[in-house]
Structures are given as C-alpha cells and as structure tokens.
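Peer 1: sequence and computational prediction follow.
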Amino acid sequence: MFSEERKEGSPRFGKLHFPVGLWINSPKKHFVKMSRRWPSVGSVRSTSSDTASRGSEPVELRPPGKAKAGRHKRLSNLFHRSTSSGAGVGGGRWGSEKKLADLIDPVPEDLVELSSQPQLPGILKIFGGAISRGANYKSVLATPRSTARQLVREALERYGVAPEEEEGGYVLCDVVGRFEGPGGAWQAEHLRPVGDTERPLVLQDVWKPKAGLSRRFEVRRRRDVERVGEAEDNETAGINAQARRLQKSRSRAASGGPAPKERADNLSLRRSISDMNLSARKRRERKAVLSVAGAEVGPAGEEQEGEVAPAQEAEPADGGAKSGEAEDSVDGANLEQLSQCLIQPPTQHPYFLLLLGCDKQDFVIYVMTRRRHVFGRRPQPDKGGYVDTFLCAPDILPRHCCVREAEPAPGPALVRPFRGAAVTLNGGALVREAALHPGDLLGLGQHFLFMYKDPRTPQPRPAWLPRPWVSPGLAGAFSCQACGRSLQERQDAFQAYVESREPELRYRPQEEEALLREIVRLQGATAFNLAPAFLLGLCLEHSTRVLEPSHFPRLVARMAQLIKEAVWEKIKEVGDRQPENQQDKGQVGVLSIEEVAADLRPLMLWMANAMELLNLVQRKVLDMEKELDLEGSSHDALLSSDLETCDEAMAVLDEVIMSTFQQSVYYLTKTLYSALPALLDSNPFTATADLSHAQELSTMPEGIRGTLAIYQATLELTRECELHPDLVSQTFGYLFFFSNASLFNTLMERGTGGPFYQWAKAVQIRTNLDLVLDWLQGVGLGDIAAEFFRKLSTTANLLCVPKTSLVKATWSRLRSDYPALTPAQLHHVLSNYHLGLGRPYPEGWSPPPEEREEMANSEIFESFSDHPPLILPSEGFRLCPAAPVTDDALHHQLCRLRRFLWDLEQASLPANQRAAHGLEGGQ
C-alpha cells in the first residue's frame with residue numbers, strides 16, 4: 001500500500017487492485033522554495049554557443065582572415081613616435097618591459113576576451129551562472145551600436161526569465177578575473193556594472209585587461225550587485241572615518257605637544273609670570289586627566305615621572321622648566337591614545353557597546369544607523385548579502401545575527417540569529433527571534449559580547465541582574481533552593497499547569513518518542529476525534545518555541561512515520577476481515593454497510609487527522625521559507641536541508657491521506673456494486689412504498705432502500721469523524737461517479753437483444769432515480785449528485801419520451817436534445833428500442849455516414865478510469881492550536897498527557913531527587 005516507488009513530481013501509492021478500476025491520481029501541493037529553478041533545455045553547460053537570437057539591427061561582420069594586432073603592440077608604436085634618439089631610448093625601455101611581461105605567464109590571446117571569438121565576429125557570449133544554475137553562457141547577436149540594455153534583454157529571453165522580471169532587475173557586468181586551481185575554476189577579481197547606454201563591443205576595443213587576466217560579460221541581478229557595492233562603500237567609509245579620527249587626534253596632539261627646542265627657548269624669554277602660571281596649571285590639569293582615564297604608561301614613563309619629582313623638589317624656584325618638558329613628553333605620547341578612549345556615544349541612534357572582543361582593532365561602539373542591522377563576517381565579492389558590522393572571529397558566520405528596530409518605535413528591538421549561528425541573550429542560548437531591551441547582553445560566538453543601548457528610551461532594569469533573594473522562612477528546608485518556593489507553592493503551581501486549559505504541552509527531547517507513540521495510540525480512544533492532530537500540533541508549537549530550529553524537521557518526519565505505520569496496520573486489519581479472506585473459516589458472504597462503516601471508521605479518522613496535521617505543518621514550513629527569504633541567501637545548506645526534510649515528511653502525510661481515501665471508497669463502492677442493480681429492476685409503484693415521505697428510508701421502495709442506506713451510512717461516518725468538508729464532497733463525488741457509471745453500463749447491457757428499452761420500464765427507472773436525487777438534495781448533496789448522474793438521467797429521459805413522439809424525431813434533433821450521450825451510445829439506445837412487432841426502424845434515426853465511421857471505433861460503456869482527481873483542500877480547517885481548550889474530552893486527554901510526561905521525567909531521576917521535588921502528592 002505504501003510503495004517505495006513514487007511518481008515523478010508527486011509521490012503517490014502504488015495502484016490498488018480494485019475490481020472496478022479504482023485509482024486516485026491527484027496532484028500534490030508543492031511548496032516553492034528558493035534556489036530550485038529548473039534549467040531550461042538550452043541552458044545545459046557546454047562549450048558550443050547556442051543559436052543566436054534575431055535582432056532588429058543589421059549585423060556588421062568583420063572578416064576573420066587577418067588577426068588584429070595586440071594592444072601592447074599598438075601602444076608601443078604610439079610611444080615610438082619621437083625623435084630617433086628618443087626612439088632608441090624608448091625601444092630599450094619597452095623591450096625590458098616586454099621581458100618582464102613574459103615572466104608573468106600571459107594569458108593566450110584567444111582567452112583574454114571570453115565573451116567573443118575572432119572567428120565569430122558579431123556574436124557575444126553573456127555568462128549567466130548567477131541567475132541560472134548550471135548554465136555557462138548564452139550567445140546573442142551584437143553590433144558596435146548595441147547597448148548593454150538591449151543585450152541584457154536578449155540574454156534574459158534566452159535564459160527563460162519571465163518578462164515581468166526583466167524590467168530593471170538585471171544588469172550587465174564587466175568582470176575581470178583569472179582561471180585558478182587544477183580544474184581551471186573561474187575566479188572573479190574585479191566587477192564593474194555596465195551602464196544601460198554603454199556599448200560592450202566598443203568597451204572591448206578601447207579597454208583590455210592587464211597581463212595575466214581575462215575578461216567576460218556577465219548578467220547579474222541588480223540587487224546583488226548593489227549589495228556588493230554598498231558593502232564596499234561602507235567599508236571604505238569606515239576606513240575613511242577612522243583615518244579622519246586618527247588625523248584629528250594627531251593634530252590635537254601636535255597642537256598641545258612640545259615645541260622645538262629653539263622655539264621653546266624663544267617663547268620662554270617673552271612669557272610673563274601669568275602665562276607661566278597658566279601653562280603650569282594646564283599641565284597639572286592634563287596630568288590629572290591622564291591619571292583619571294587610566295592611561296597605560298610603560299616602565300619608561302614611570303621612570304620619567306620618577307625623575308620629574310626630584311627635579312621639582314631640587315629646583316622649586318626655576319619655574320618648573322625641566323619638569324614641564326618631562327610632563328609634556330608624557331602628555332604627547334599618551335594624548336593620542338587618550339583621545340581615542342574618550343568617546344561620546346550617540347544620542348539619536350541605538351548602538352552596541354563592545355564588552356568582549358577578539359581583536360585589538362575592534363571598535364568600542366557600533367552604531368545602528370539602519371532599521372535592520374546585520375552582524376557577520378566580511379563576505380566575498382560575489383557571495384553573501386549585506387552586512388552592517390564585520391566581525392573577525394573563526395566562529396562568526398557570513399551572516400550571523402540580525403537586529404531590527406521595533407515598529408512602531410520606541411520599543412524593544414528584535415534580535416534573530418541566522419541558521420547555525422551561536423548567539424546568546426543575557427547568558428542564555430538564542431535559537432529564534434526574541435525581544436532585545438536596552439541593557440541586554442548579546443553574545444556572538446565565543447569571542448564577542450555586546451551591550452545593547454538605546455538613548456531614546458529609558459533603560460529598564462537589566463534582565464541579567466540577579467533577583468534579590470527572599471528567605472522562604474522555615475519552610476525553606478522543604479522547598480527548592482533555586483526559586484525559594486515552598487513545597488505547597490510548588491505543588492499548587494504544578495497542579496495549575498496540569499489542569500490548565502491553555503494549549504501548552506511541555507516536554508524534554510528525551511521524552512518525545514514516548515509522547516508521540518502515546519498520542520498515536522489515542523486514535524479512536526477519545527470522544528474528540530481530532531485529538532491526535534491537535535496534540536501533535538502542540539508538539540510542533542513547543543518545538544518551534546523552545547527547542548532548537550534543527551529539531552523541528554526531525555519531529556515532523558517522526559510524526560509522519562508513526563502515522564504511516566499506524567495506518568498500515570489498520571489497512572491490514574480491514575483486509576483480513578473481508579469475506580474473500582475468510583473462506584477457509586467458512587464465513588463466505590457480503591458484509592453489511594454497518595460492518596463496513598465500522599471497519600472504515602479508523603481509516604476515516606486518520607484521514608481527517610492527517611489532513612489537519614498537514615495543514616499545521618505547512619504553516620510552519622511557510623514560516624521557514626519566509627525566514628530563508630529574510631536571510632537573503634540561497635547558500636544556507638542547513639536551512640535548505642531542513643526544508644527538504646519537511647517536504648519529505650509532508651509527502652508521507654500526503655500518502656497517508658491518499659491511501660485512506662482509496663481504501664474508503666474501494667470498500668464503499670464494493671458494497672454499492674451489489675446494491676445498485678435493484679434501482680433498474682424494482683418497481684417503485686408498489687403498495688408498500690410511500691412516496692410522500694421521501695426523507696425516511698423505511699418508507700422508500702425496496703429497490704432503492706439499499707443504495708440510500710449506503711449513502712446515509714457514509715454521510716454519518718464522515719460527520720462523526722469530522723472529515724474536512726472538501727474531502728466529504730470528493731468522497732461522495734466518487735461514489736456518485738461510480739454509481740452513474742455502473743448503472744449506465746448495466747443499462748447498456750440490458751438493452752442488447754431484448755425488450756428492455758420501452759416506455760413503461762423507463763418510467764420506473766426515472767421514478768427511482770428521482771427519489772434518489774430528491775433524498776440527496778434533502779441531505780445537502782443534490783448539486784454533486786446532479787452533476788455526476790447526468791448521463792444516466794439523460795438516458796432515462798430519452799427512454800421516457802412517448803413512442804409516438806420518439807419515432808418522429810430525427811438524428812440531428814436527438815443529438816442536440818441529448819448532448820450527454822455520445823453518438824455510439826445514442827445509436828445503441830435507438831437501435832435496441834422496442835417499437836413493437838412488425839414496426840420498422842425509422843429512417844430519421846439513421847446517423848450520417850461521417851458519424852458511422854466514428855461510432856464503429858467508439859465504446860458505448862463508461863470508463864471507470866475517468867474519475868475525478870482528489871484535490872487536497874487549502875482552507876476551512878477546524879483546528880486552531882492557539883485557542884484555549886474548550887472541549888472536555890480533549891482537556892481530559894491533555895491533562896493525562898501532562899501527568900504522563902511528569903511520570904517519565906520523574907522515572908529518569910534517582911529516588912532521592914524524586915522525593916526532593918515533593919510533587920508526588922500533587923498528581
């Protein structure tokens with residue numbers, strides 16, 4: 001039933017051996033993921049160029065016979081335009097440079113320009129590996145008048161990019177690089193976006209790469225090129241800002257430092273007493289600032305200060321000339337360092353204060369100038385997204401952590417680690433997005449620790465400060481020493497959690513397997529039929545809220561596997577109870593609809609629960625895909641692997657739904673197969689039939705009572721199992737399709753060679769069919785039944801036409817009045833219609849010659865393989881894990897599972913620790 005072989009594009013079960021050709025082939029919901037663009041047929045990597053696209057401009061082809069001279073030769077000839085003496089000198093100079101260029105291992109002439117070939121002028125190769133993975137290049141026609149915008153448009157058309165994505169989304173880049181490594185991998189070194197109005201062929205002629213490098217044209221996404229440019233601009237801006245700060249500090253140090261000796265002597269002769277006192281006071285103040293700032297003075301500085309003090313004591317009347325020189329020398333050496341330490345934080349922007357760094361060149365303050373601030377490692381030129389702050393440490397990822405301002409501001413910011421990044425918040429591991437308050441400690445990896453500050457909002461009490469400990473009194477001897485709560489308080493808190501109606505289920509990862517098996521075992525053991533899906537949804541919520549992100553895909557895969565195993569066991573049990581499998585025990589017969597409904601109840605329950613659980617998983621997977629879009633990188637192998645694991649788990653749930661649906665309709669149609677013929681043979685105009693009470697099965701004619709009983713039992717079973725309304729409609733759609741095809745084929749067989757096609761018999765069939773349709777209309781299934789019973793109803797209407805009116809009708813009129821019948825089916829009914837003994841076949845019933853050939857190769861029976869496909873619903877689900885539990889039966893199971901988890905946790909502890917918790921009495 002769960003075949004390992006799956007159809008391409010959507011995994012499905014193998015075809016079941018149904019006697020009536022039953023097979024469900026329904027499309028599966030696909031989740032579009034990033035970086036999964038299928039390559040087109042023409043984008044296979046090869047060294048040959050593709051067929052060039054037709055351009056509107058004429059192609060100017062240059063004869064390939066004469067090779068163009070190298071640019072270095074033309075430049076050398078240009079410099080040789082001088083006098084003979086100058087030419088001789090210049091010739092020697094260029095000769096030496098040419099020898100030096102030979103040592104650089106120059107690139108062959110045909111590999112300098114990778115986008116063009118001298119043998120194929122007018123054809124430009126545009127490389128597009130950045131937009132179509134696996135494609136090398138696409139060839140387009142180009143002339144010297146072709147602009148970059150025109151070439152990009154033609155190249156995107158060759159790559160199969162949608163027209164709505166072309167406008168402004170891509171740019172032509174002039175890339176210079178070289179081939180490195182044993183495999184000759186292309187390594188880009190310089191990239192320049194080409195303007196939309198620039199002409200690439202002209203650029204090739206007037207500008208060549210230097211020796212040892214090659215050049216090619218690439219088409220890239222404009223946003224990726226802009227991100228690389230912004231990162232380089234920010235890096236340059238940071239370097240320039242640092243240089244300006246250093247220059248300013250040096251200028252301040254130079255203005256306050258010691259003057260040359262001659263200038264100092266001259267100035268000392270012209271200074272007054274007040275000037276000398278003022279200078280001495282300034283020196284004392286500057287020395288006091290140095291001591292307060294804690295400037296690092298080496299042993300030499302200490303020795304100098306030791307020399308200054310005796311000089312001041314020995315020569316107090318000298319005005320402190322020598323001591324002033326010593327103090328100025330100390331001040332000049334440390335003033336630059338002091339100016340870098342005395343930094344005022346910003347007052348209008350949030351910032352991060354570095355508490356622990358990895359390098360001496362790390363800044364102390366990192367200002368958050370954008371609403372979204374990203375920490376990471378310096379990215380490569382052609383990979384990675386935008387990064388605001390570069391951190392140099394071995395455990396920092398290219399995009400490590402993201403901080404977003406609150407909306408609306410002011411308020412706590414939001415911090416979110418990227419997949420696989422080690423981040424801590426106030427000492428605890430951070431695995432998903434959380435609030436970041438001013439004063440919180442943010443740790444990145446093992447080397448960086450920051451304090452988040454926001455001068456625009458008042459700073460609350462930091463969360464990392466320990467709470468004041470309150471003595472619990474005498475009861476503290478029997479309470480937890482960590483929280484300070486007494487034994488009674490702990491028991492009350494545990495009892496409140498167990499009896500709470502909040503949708504919450506806490507557990508440790510080591511108890512997860514036992515919990516999942518216990519939930520799966522609950523199927524059919526509780527009055528709330530969707531309890532397994534709801535409780536498994538609580539496990540999903542706990543995993544996404546508490547556990548690490550990589551745990552969620554494993555949890556979903558394990559859930560799907562356990563459900564699949566449980567459904568497989570139920571299917572085998574139902575098959576073993578069938579009469580054809582009980583022949584050795586002497587139990588040969590047909591199961592009643594009540595017995596069939598009882599056997600199908602577990603399968604219907606799993607179908608309903610699997611559908612609800614699949615919807616819950618899909619919501620979480622969509623959140624993961626949004627996270628991938630937010631990270632802006634398709635190279636995240638961890639997140640991509642998690643998404644693939646979730647897709648495989650959802651495929652298993654899809655298989656469970658398909659299998660339970662197949663088994664349900666198989667056994668129902670098997671029961672219908674024996675009850676439907678009575679609808680054609682029975683007479684509804686009997687004394688026992690009461691047609692005035694059409695909704696009561698007991699008053700229905702005996703011929704249709706069995707069929708309606710199957711429909712009614714199926715409807716009650718779907719309502720009891722709380723099956724999704726769309727699945728209920730599709731279940732009855734298949735039952736009506738089978739009923740129509742089975743009755744119509746039987747009607748075609750009965751009419752061959754006998755007086756079955758006559759007005760009296762047709763009136764009985766029409767009456768029985770009307771009673772069935774009226775009953776289905778009363779239970780809300782009238783529209784579906786009218787759609788699928790159309791062919792049988794049309795045939796009954798044709799046979800109910802009075803004989804005198806039917807013999808006057810022509811073939812063309814009958815074809816227009818009964819379009820649901822094919823020409824072969826209509827001809828079969830007319831040719832076997834009972835007109836009476838001696839009545840000739842009307843000439844007007846004869847089909848035209850062109851339709852006779854078509855009817856000869858047509859089938860008059862309905863095919864069971866043309867059934868409607870099963871389409872899984874996308875809305876209208878019943879479960880909402882975020883709402884409180886209102887159903888008493890579900891609340892009882894939730895409380896029981898909480899106690900079950902507590903027992904598992906206590907069983908894993910030593911006996912003395914179980915008694916220390918003191919909660920046995922609270923259970």
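Peer 2: Nice, thanks for sending it over.

Peer 1: quick one: low-confidence ranges for the stretch 201-350 of the chain?
Peer 2: Residues of the stretch 201-350 of the chain meeting the criterion pLDDT under 70: 232-342.

Peer 1: ok, residue 746 touching residue 680?
Peer 2: Yes - using Cβ atoms under 8 Å, residue 746 makes contact with residue 680 at a distance of 6.1 Å. Just so you know, the C-beta spots here come from the backbone N, C-alpha and C atoms, and that holds for glycine as well.

Peer 1: pull the contacting residues for residue 824.
Peer 2: Residues near residue 824 by Cβ atoms under 8 Å, 6 or more residues apart in numbering: 854-855, 858-860.

Peer 1: got it, and residue 832?
Peer 2: Each residue near residue 832 by Cβ under 8 Å, 6+ apart is listed here: 751-754, 756-757.

Peer 1: return the distance of it relative to residue 806.
Peer 2: For residue 832, the distance to residue 806 equals 13 Å [Cβ to Cβ, to the nearest Å].

Peer 1: equivalent analysis for residue 647, please.
Peer 2: 59 Å.

Peer 1: could you do residue 880 as well?
Peer 2: Separation of residue 880 from residue 806 (Cβ to Cβ): 59 Å.

Peer 1: likewise residue 777?
Peer 2: Separation of residue 777 from residue 806 (Cβ to Cβ): 29 Å.

Peer 1: more neighbours: which of these two?
Peer 2: Between residue 777 and residue 806, residue 806 has the larger neighbour count (other Cβ atoms under 10 Å), namely 18 against 14.

Peer 1: state the phi and psi torsions of the spatially closest residue to the more buried one that is not a sequence neighbour.
Peer 2: Take residue 806 and drop its neighbours on the chain: the residue closest to it by Cβ to Cβ, 6 or more residues apart in numbering is residue 833, 7.3 Å away. Torsion angles at residue 833 (phi, psi; degrees, to the nearest 10) stand at phi -70, psi 140.

Peer 1: put the alpha carbons of stretch 849-858 into PDB.
Peer 2: Taking Å, rounded to 0.1, in the frame of the first residue of the first chain, the C-alpha atoms of stretch 849-858 are listed here in PDB:
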ATOM      1  CA  PRO A 849     -22.100   8.500 -43.000                       C
ATOM      2  CA  GLU A 850     -19.400  10.600 -41.400                       C
ATOM      3  CA  GLU A 851     -20.600   9.600 -37.900                       C
ATOM      4  CA  ARG A 852     -20.900   5.900 -38.700                       C
ATOM      5  CA  GLU A 853     -17.100   5.500 -39.100                       C
ATOM      6  CA  GLU A 854     -16.600   7.300 -35.700                       C
ATOM      7  CA  MET A 855     -19.200   5.100 -34.000                       C
ATOM      8  CA  ALA A 856     -17.600   1.900 -35.300                       C
ATOM      9  CA  ASN A 857     -14.500   2.600 -33.200                       C
ATOM     10  CA  SER A 858     -16.300   4.100 -30.200                       C
END
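
Peer 1: and that stretch, what's buried?
Peer 2: Within stretch 849-858, the residues that qualify as buried are 851, 855, counting by 16 or more other Cβ atoms under 10 Å.

Peer 1: let me know the average pLDDT across it.
Peer 2: The average pLDDT for stretch 849-858 rounds to 84.

Peer 1: and what of stretch 399-414?
Peer 2: Mean pLDDT, stretch 399-414: 83.

Peer 1: which outside residues touch that stretch?
Peer 2: With Cβ under 8 Å, 6+ apart as the test, stretch 399-414 has contacts from 350, 368, 371-377, 384-385, 387, 391, 415-418, 421, 423, 433-437, 442, 444-445, 452, 454, 456-457, 630-633.

Peer 1: could you pick out the buried ones from those?
Peer 2: 350, 368, 373-377, 384-385, 387, 391, 415-418, 421, 423, 434, 436-437, 442, 444-445, 452, 454, 457, 631-633.

Peer 1: how close does residue 667 get to residue 714?
Peer 2: Distance from residue 667 to residue 714, counting by Cβ to Cβ: 10 Å.

Peer 1: backbone dihedrals for residue 724, please?
Peer 2: In terms of degrees, to the nearest 10, the main-chain angles of residue 724 are phi -60, psi 140.

Peer 1: what's around it, how many residues?
Peer 2: For residue 724, the neighbour count with other Cβ under 10 Å is 21.

Peer 1: who are the neighbours in contact with residue 711?
Peer 2: Counting by Cβ under 8 Å, 6+ apart, residue 711 touches 732, 735, 775-776, 779, 781.

Peer 1: just the buried ones from these?
Peer 2: Buried members of the contacts of residue 711, scored by 16+ other Cβ under 10 Å, are 732, 735, 775-776, 781.

Peer 1: of all these, which two lie farthest apart?
Peer 2: Spatially, the most separated pair among the buried ones among the contacts of residue 711 is 735 and 775, at 13.8 Å (Cβ to Cβ).

Peer 1: can you show me the helices along the stretch 651-800 of the chain?
Peer 2: Assigned by DSSP state H, counting those that start in this stretch, the stretch 651-800 of the chain shows helices spanning 678-681, 702-720, 725-750, 759-778, 782-788, 790-799.

Peer 1: need those in JSON lines (columns: mean pLDDT and distance to residue 591).
Peer 2: Shown next, in JSON lines, are these (pLDDT from 0 to 100; distance: least, Cβ to Cβ, whole Å):
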{"stretch": "helix 678-681", "mean pLDDT": "90", "distance to residue 591": "18"}
{"stretch": "helix 702-720", "mean pLDDT": "93", "distance to residue 591": "12"}
{"stretch": "helix 725-750", "mean pLDDT": "94", "distance to residue 591": "17"}
{"stretch": "helix 759-778", "mean pLDDT": "92", "distance to residue 591": "22"}
{"stretch": "helix 782-788", "mean pLDDT": "93", "distance to residue 591": "25"}
{"stretch": "helix 790-799", "mean pLDDT": "93", "distance to residue 591": "26"}
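
Peer 1: among those helices, which is nearest residue 158?
Peer 2: helix 725-750 (42.3 Å).

Peer 1: that closest one to helix 790-799, inter-axis angle?
Peer 2: 40 degrees (axes from the mean of the first three to the mean of the last three Cα atoms, to 10 degrees).

Peer 1: pull out the buried positions in helix 725-750.
Peer 2: Residues of helix 725-750 classed as buried: 726-748, 750 (neighbour count, 16+ other Cβ under 10 Å).

Peer 1: which strands and helices sit next to the helix or strand harbouring residue 889?
Peer 2: In this assignment (DSSP states H and E), residue 889 forms part of helix 888-907. For helix 888-907, the elements it packs on are helix 487-499, helix 512-521, helix 531-545, judged by 3 or more Cβ pairs under 8 Å, 6 or more residues apart in numbering; DSSP states H and E.
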